[in-house]
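Trainee: sequence-free structure coming up:
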């Protein structure tokens, strides 16, 4: 799903560089915080960026430094304008893509010695050379040292760190999000890994280089890649001609002995990643100077990007659990569960519609049902909305912070407790992504709530073992609920303030109108399948940026997953 009418936050939103957490450390409450999106938007994203000007005769050292920094918005011809501010030797060696520091306020330039200057950048976000961005709860001061010298009577920068320094607005004008794709362990689902790069002719090369390096740190251990170890670009660039990207790779024994299936998966990963670039319509893969032709493999399916779910809904009607063909259907397809004295709540259904779960109204019991029987499989306190992954594991979470999974298709299976980083946290919401590689969570610490994305660590046979160190989702609201709206979007809500918002990995956000007495949100495919329930059991769907009531006999519902 891609939400409509979004408020553009490109100039203020980023993908996390790395989780600062290690092991089972507690979530940090100050200092560095890694965000999918930074809600702060102190600069206007619509403000036009002027083409940078070169150095003017007689400019002072401070003016040369200022002109050089501003010229970082001009990526044309490999930052040719910015290089005019540098000595000849530095112009040849300076790497503009080393890192980018983004500031909200202003930089300070001070002379620290003879022809030596220190530039202090109050950095709110840092984008490293891999396109990974880290935002900070408070601006971090980065000090950059510059040395100047005179060249034919004019001041030029002789030494400077690699990279660029941009205001929030400048960053939004020249950088764009691009999605790399890695895979869940079954190679059936694509998992997005969003990076930030300047849109210029070399961006295809940048994407392939970072793809070969592997996923963002927070995804390591939760996703896999089709790229064998020690694989590299045989040439230093990916050429694009007539819409075709020519990717020439070299590597060790693992690449040279790759099977036809391995090569098709490799080609798919390159093609899906390069499809970010509008000018690329196809990919040609070469290994050790030999073109690898497309293999027509029987039963081969590309891993699905943002896989859709069936339209069926599971709902509660007059204390019965029923399944319908779709949200609009007025008649029940199947009666799943009805038992005197049991009022089903928080329904969930697996992808094949063979397993169903729900909690008791007081959230003290979790039931597992088929079309022929039902039983209590877990008792606890504050059991949250259950969900399934595509490998048919039922996810069970409790407010106390415990997370369990149960093999839904195995008779007599017992819930397994996962290792998590949730020690001391109150868990308010948990939802499994449809790729089965990530979960979204909302936690509370000392009354402050935060949304997180955490990758899932699994055993070789697919058994979920734990949640890996998370990254934080930046949002305008303080959520107490979260659900996946697509592979790159989560929808957040606050049951107290009635606020709702969608936040995207790609750096966009949508605030929807407040929905009084909101209790929960579920999502299907597309914006017209975002359904909210209020505390009286009334259902609402998205209408523009607001909500409209729908007539239904269901008091709660859910889609597969």
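Mentor: All right, it came through fine. All values derive from a computational prediction rather than experimental measurement. Numbering: from 1, shown residues only.
Trainee: can you list the domains in this protein?
Mentor: 1-177, 178-292, 313-558 (automatic domain parsing).
Trainee: burial of the residue nearest to residue 159 when sequence neighbours are not counted, as a residue count?
Mentor: The shortest distance from residue 159 to any non-neighbouring residue, by Cβ to Cβ, 6 or more residues apart in numbering, is to residue 147 (4.1 Å). Any C-beta I mention is one placed from the backbone N, CA and C, and that applies to glycine too. The number of residues packed near residue 147 is 16, by other Cβ atoms under 10 Å.
Trainee: All the helices of the protein, residue numbers only.
Mentor: If DSSP state H is used as the criterion, the helices of the chain fall at 61-70, 76-83, 88-93, 168-174, 203-213, 253-256, 260-274.
Trainee: Of all the residues in the first one, which ones are buried?
Mentor: By that I understand helix 61-70. Across helix 61-70, burial judged by 16 or more other Cβ atoms under 10 Å covers 61-62, 64-70.
Trainee: quick one: which of those is nearest to residue 368?
Mentor: Minimum distance to residue 368 across the buried residues of helix 61-70 is 60.1 Å, recorded for residue 69 (Cβ to Cβ).
Trainee: Might you report the residue contacts of that closest one?
Mentor: Each residue near residue 69 by Cβ atoms under 8 Å, 6 or more residues apart in numbering is listed here: 107, 119, 164-165.
Trainee: Those in strands, which ones?
Mentor: Members of these lying in strands (criterion: DSSP state E): 119, 164-165.
Trainee: Let's have these in CSV, adding pLDDT, neighbour count and distance to residue 312.
Mentor: Formatted as CSV, these follow (pLDDT from 0 to 100; neighbours: other Cβ atoms under 10 Å; distance: Cβ to Cβ, whole Å):
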residue, pLDDT, neighbour count, distance to residue 312
119, 98, 22, 59
164, 98, 29, 50
165, 97, 23, 52
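Trainee: still on that earlier bit, kindly indicate which of the contacts of residue 69 lies nearest residue 310.
Mentor: Distances from residue 310 to the contacts of residue 69, taken by Cβ to Cβ, are shortest for residue 164, at 47.0 Å.
Trainee: Residue 365 versus the nearest residue to the closest one once chain neighbours are set aside, what's the distance?
Mentor: Using Cβ to Cβ, 6+ apart and skipping the chain neighbours, the partner closest in space to residue 164 is residue 72 (3.4 Å). The span separating residue 72 from residue 365 equals 59 Å under the rule Cβ to Cβ, to the nearest Å.
Trainee: residues contacting residue 239?
Mentor: 245-246.
Trainee: now it: how far from residue 453?
Mentor: 35 Å.
Trainee: same question, residue 341
Mentor: Applying Cβ to Cβ to residue 341 and residue 453 gives a distance of 39 Å.
Trainee: These two: who's more crowded?
Mentor: Counted by other Cβ under 10 Å, residue 341 and residue 453 do not tie: residue 453 has more neighbours, with 23 against 5.
Trainee: was I right about the more buried one contacting residue 440?
Mentor: Yes - Residue 453 lies in contact with residue 440 (Cβ atoms under 8 Å); the separation is 5.7 Å.
Trainee: Common neighbours of these two, please.
Mentor: Common contact partners of residue 453 and residue 440 (Cβ under 8 Å, 6+ apart): 473, 490.
Trainee: quick one: the strands in the stretch 251-400 of the chain?
Mentor: Secondary structure of the stretch 251-400 of the chain (DSSP state E, counting those that start in this stretch): strands at 282-287, 290-292, 313-317, 320-324, 334-338, 345-349, 356-359, 365-369, 374-379, 387-388, 393-397.
Trainee: okay if I get these as CSV plus mean neighbour count?
Mentor: Output for the strands of the stretch 251-400 of the chain, formatted as CSV (neighbours: other Cβ atoms under 10 Å):
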stretch, mean neighbour count
strand 282-287, 18
strand 290-292, 12
strand 313-317, 24
strand 320-324, 21
strand 334-338, 17
strand 345-349, 24
strand 356-359, 27
strand 365-369, 21
strand 374-379, 15
strand 387-388, 26
strand 393-397, 26
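Trainee: Quick one: closest of the ones you listed to residue 552.
Mentor: Nearest of those (Cβ to Cβ): strand 313-317, 7.8 Å.
Trainee: Off-centre distance for that closest one?
Mentor: On the basis of Cα atoms, centre = their mean, to the nearest Å, strand 313-317 sits 30 Å off its chain's mean C-alpha point.
Trainee: same for it, what does it pack against?
Mentor: Where contact means 3 or more Cβ pairs under 8 Å, 6 or more residues apart in numbering; DSSP states H and E, strand 313-317 is packed against strand 320-324, strand 345-349, strand 556-558.
Trainee: Apply 6 Å and report the result again.
Mentor: The elements that strand 313-317 packs onto, with contact taken as 3 or more Cβ pairs under 6 Å, 6 or more residues apart in numbering; DSSP states H and E, are strand 320-324, strand 556-558.
Trainee: The first one pairs with which strands?
Mentor: It stands for strand 320-324. strand 313-317 (antiparallel), strand 334-338 (antiparallel) (DSSP bridges).
Trainee: Quick check: which of the ones you listed is nearest to residue 386?
Mentor: Residue 386 lies closest to strand 313-317 among those, at 11.2 Å (Cβ to Cβ).
Trainee: Which residues are in contact with residue 179?
Mentor: Residue 179 makes contacts with 192, 194, 276, as judged by Cβ atoms under 6 Å, 6 or more residues apart in numbering.
Trainee: Bridging across strands, which residues link to it?
Mentor: residue 194.
Trainee: check contacts around residue 107.
Mentor: 119, 121.
Trainee: And the pLDDT for it?
Mentor: Note on residue 107: pLDDT of 95.
Trainee: how close does it get to residue 198?
Mentor: Between residue 107 and residue 198 the computed distance is 20 Å (Cβ to Cβ).
Trainee: looking at the strands of the stretch 251-400 of the chain, which is closest to residue 531?
Mentor: Per Cβ to Cβ, nearest to residue 531 of the strands of the stretch 251-400 of the chain: strand 313-317, 8.3 Å.
Trainee: what's the angle between the strand ranked longest in the chain and helix 61-70?
Mentor: Ranked by residue count, the top strand of the chain under DSSP E comes out as strand 133-151. Strand 133-151 and helix 61-70 are oriented at 140 degrees to each other (axes from the mean of the first three to the mean of the last three Cα atoms, to 10 degrees).
Trainee: still on that earlier bit, could I get the strands of the stretch 251-400 of the chain in a markdown table, plus columns for distance to residue 125 and mean pLDDT?
Mentor: A markdown table is the format used below for the strands of the stretch 251-400 of the chain (distance: least, Cβ to Cβ, whole Å; pLDDT from 0 to 100):
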| stretch | distance to residue 125 | mean pLDDT |
| --- | --- | --- |
| strand 282-287 | 31 | 95 |
| strand 290-292 | 39 | 92 |
| strand 313-317 | 40 | 95 |
| strand 320-324 | 45 | 95 |
| strand 334-338 | 48 | 91 |
| strand 345-349 | 37 | 97 |
| strand 356-359 | 40 | 97 |
| strand 365-369 | 41 | 96 |
| strand 374-379 | 42 | 96 |
| strand 387-388 | 32 | 96 |
| strand 393-397 | 31 | 98 |
